[in-house]
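Student: Using only what follows, build the 3D model:
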Amino acid sequence: MKIDFIVNGEPRSADVDADTPVLWVLREELGLTGTKFGCGAAQCGACTVQLEATAVRSCVLPAAAIEGKRLTTIEGISRDRSHALQRAWIAEQVPQCGYCQSGMIMAAKALLESNPHPTASDVDASITNLCRCGTYPRIKRAILRAAREG
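Tutor: Numbering: from 1, shown residues only. Below you'll find the predicted structure:
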C-alpha cells in the first residue's frame, strides 16, 4: 500500500503493508533513526513521535493511520539545538545513556504545546515514558525550565 504523509514538514511516501508499525517506516524506509525501538508494546515511550499535535507510540501505530497526516520526529525539532526543550535538556544535564531521550523530548513537546505552563504535577501525569537511568527529576526540571524560558 502506498501511504502519503508529511514528516517534519516534508511530503513523504512509503510503499509498505498497512499494518507496518510507523516506527519501521521512519527508521527503515525513511532513514530517520532518531526514533528508537524500546519495548515494541507501547509501554516505554522510546518510540514517541507526534501525530498531528498528539504524542503517540510509533511502535504500535499502523502505517495506514498516518495517511494524509503530519508527523514530527526528533529530527524535526531543531538541528541546531535552539528549541527550548533541547536547551533545557542540556542545561539540566538530563541524559545519561540517552536512549530514551528522543521519545522523552517528543512527549514533552506535545505536553508543552497543549499546556504551555504545566505544573510539576502536570508533568508527572503527562510524561509516562520510561528512563532506565532514572533521570526523572532532571527530566521534570528540564520540562519546567523549557516552559519558563520558552
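
Student: Helix, strand, or coil at Trp89?
Tutor: The three-state assignment at Trp89 reads helix, by DSSP: H, G, I helix; E, B strand; the rest coil.

Student: Excluding chain neighbours, give the residue nearest to it in space.
Tutor: Closest residue to Trp89 in three dimensions, ignoring its sequence neighbours and counting by CB to CB, 6 or more residues apart in numbering: Ala142, at 5.1 Å. C-beta coordinates here come from the backbone N, C-alpha and C atoms, glycine included.

Student: what's whichever strand or helix holds the one you found in contact with?
Tutor: Using DSSP states H and E, Ala142 sits within helix 136-149. Counting by CB atoms under 8 Å, 6 or more residues apart in numbering, helix 136-149 makes contact with 84-85, 87-89, 91-94, 104, 108, 111-112, 116-118, 120, 123-124, 127, 131, all of which sit outside it.

Student: now those residues: which count as buried?
Tutor: With burial judged by 16 or more other CB atoms under 10 Å, the buried subset of the contacts of helix 136-149 is 84-85, 87-89, 92, 94, 104, 108, 111-112, 118, 123, 127, 131.

Student: All the strands of this structure, residue numbers only.
Tutor: 2-7, 10-15, 48-51, 54-57, 70-72 (DSSP state E).

Student: which strands and helices sit next to the fourth one?
Tutor: Applying 3 or more CB pairs under 8 Å, 6 or more residues apart in numbering; DSSP states H and E, we find strand 54-57 packed against strand 48-51, helix 101-114.

Student: Pick the most deeply packed of these.
Tutor: Mean neighbour count, computed with mean count of other CB atoms under 10 Å, is highest for strand 48-51 among those, reaching a mean of 25.

Student: Chain neighbours aside, what residue packs nearest to the spatially most central residue of the chain?
Tutor: With distances taken as CA atoms, centre = their mean, Met106 lies nearest the centre of the chain, 2.7 Å away. Once flanking residues are discounted, Met106 sits nearest to Thr48: 4.4 Å by CB to CB, 6+ apart.

Student: Then Ala91?
Tutor: The shortest distance from Ala91 to any residue other than its chain neighbours is 6.5 Å, reached at Arg145 (CB to CB, 6+ apart).

Student: Gln86 now?
Tutor: Nearest-residue entry for Gln86: Ser78, 6.0 Å, with adjacent residues in sequence omitted and distances by CB to CB, 6+ apart.
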